[in-house]
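S.K.: No letters, just coordinates:
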Ligand SMILES: O=C(O)CCC(=O)C(=O)O
Ligand SMILES: [Fe+2]
């Protein structure tokens, strides 16, 4: 079980104390009293069920767009680039610029959502939840800001055209899967600041501790599961942990979860505000980076082909064999392009 934090009608600094205490050990906690309307949550699960229950060709009609929005089939993603394909299907949407305010320049990931045709209600429910959960996220970010010695509005300016995503994730049943080989979602850390996850109450989410043990992250379906992502770990100088986590493959009952990945503007500069423990690491590991560029790198890794992975691995080898390896890499590239 993960720790629980009640946020209903409580002062930010009290909540901040609890976050600070828990997230040093395990960067996962359950939030009660989040104030999200139960009716809206029920509708969100209902439209997800309908969407994933629709014909494969209807879902494929909204396959991931150039803006990385839309549907990904079972097996399309390997969230752990070196693990098996994830046994889940997903639908992803994000922030849209209001019509009257076009984006000044082309920014990766920002563009129109990829909505299923003729389903206004699906859009309405997802947009309405996106805006509600964003409010809860902003409140939690205010608490997090206090815990790292910053003003409550520390993160606020970096949410003008945010890369935050809402994902519907459906884990179908796979009765006879070889136990080790398959996962609903492979081992990974989340890329952003924090993640706020709704789930239907079916267990499966597991969290890896600093000591390398796997804990079950079960929480009541009424609670939001919140976890620290890589950007928050980085900003906190490693004070908070972005735990690796994974989801088991479903053997009896399908599972639906709805994560909201809180990710700032493309141009947000991610840099540690707390001095990392090991000063020596200040040079490499703690070098500031742009949020958007970091996301591009991580997302590309989860969707690259085996050939591309091999090319990257070969290219990373140094030494006298490098020339031969370079030729092999080029050859592999040609082969993968000609397929
Ligand atoms: O489905 C879940 O419970 C977690 C999914 C997850 O970790 C992710 O999509 O990043
Ligand atoms: Fe995750």
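M.R.: Ah, there it is. These numbers were taken from a predicted model, which means no experiment stands behind them. Ligands and ions are numbered 1, 2, ... in the order given.
S.K.: The stretch 51-200 of the chain: helices as residue ranges?
M.R.: In the stretch 51-200 of the chain, helices defined by DSSP state H, counting those that start in this stretch lie at 56-60, 120-147, listed in chain order.
S.K.: which one of the ones you listed has the most crowded surroundings?
M.R.: Mean neighbours per residue, mean count of other CB atoms under 10 Å, is largest over the helices of the stretch 51-200 of the chain for helix 120-147, with a mean of 18. All C-beta spots, glycine's among them, are computed from the backbone N, C-alpha and C.
S.K.: Run through the bridge partners of residue 167.
M.R.: residue 92 (DSSP bridges).
S.K.: Kindly provide the distance from it to residue 185.
M.R.: 11 Å (CB to CB, to the nearest Å).
S.K.: just residue 42 next, same as before
M.R.: Per CB to CB, residue 42 is found 24 Å from residue 185.
S.K.: Pick out whichever of the two has more residues nearby.
M.R.: For residue 42 versus residue 185, the count of surrounding residues by other CB atoms under 10 Å is larger for residue 185: 25 against 11.
S.K.: Once you drop chain neighbours, what's closest to the closest residue to ligand 1 within the stretch 101-250 of the chain?
M.R.: Distances between the stretch 101-250 of the chain and ligand 1 by CB to the nearest ligand atom are smallest at residue 205, namely 3.8 Å. Nearest residue to residue 205, sequence neighbours excluded (CB to CB, 6 or more residues apart in numbering): residue 217, at 4.3 Å.
S.K.: Tell me which stretches of the stretch 51-200 of the chain form strands.
M.R.: 70-72, 89-94, 165-171, 185-188, 194-199 (DSSP state E, counting those that start in this stretch).
S.K.: most packed of those strands?
M.R.: strand 194-199 (a mean of 24).
S.K.: Could you tell me which strands that one is paired with, and in which direction each runs?
M.R.: strand 224-228 (antiparallel), strand 255-262 (antiparallel).
S.K.: continuing past it, what's the next helix or strand?
M.R.: Using DSSP states H and E, the next helix or strand after strand 194-199 towards the C-terminus is strand 205-208.
S.K.: I'd like to know if whichever helix or strand comes after that next one reaches ligand 1 anywhere along the stretch.
M.R.: Downstream of strand 205-208, the first helix or strand assigned by DSSP H and E is strand 214-216. No - counting by CB under 6 Å from any ligand atom, ligand 1 has no neighbours in strand 214-216; the shortest distance is 11.1 Å.
S.K.: How about the residues of this structure by ligand 1?
M.R.: Residues of the chain that fall close to ligand 1, judged by CB under 6 Å from any ligand atom: 169, 185, 190, 197, 199, 205, 245, 247, 257, 259.
S.K.: For the first one, which residues are in contact?
M.R.: Going back to what we said before, that points to residue 169. Contacts of residue 169 were listed using CB atoms under 8 Å, 6 or more residues apart in numbering, and they are 88, 89, 90, 185, 256, 257, 258, 259.
S.K.: if I look at the third one, how far off is residue 79?
M.R.: Using CB to CB, one gets 10 Å for the distance from residue 90 to residue 79.
S.K.: Kindly report the same for the first one.
M.R.: Distance from residue 88 to residue 79, counting by CB to CB: 9 Å.
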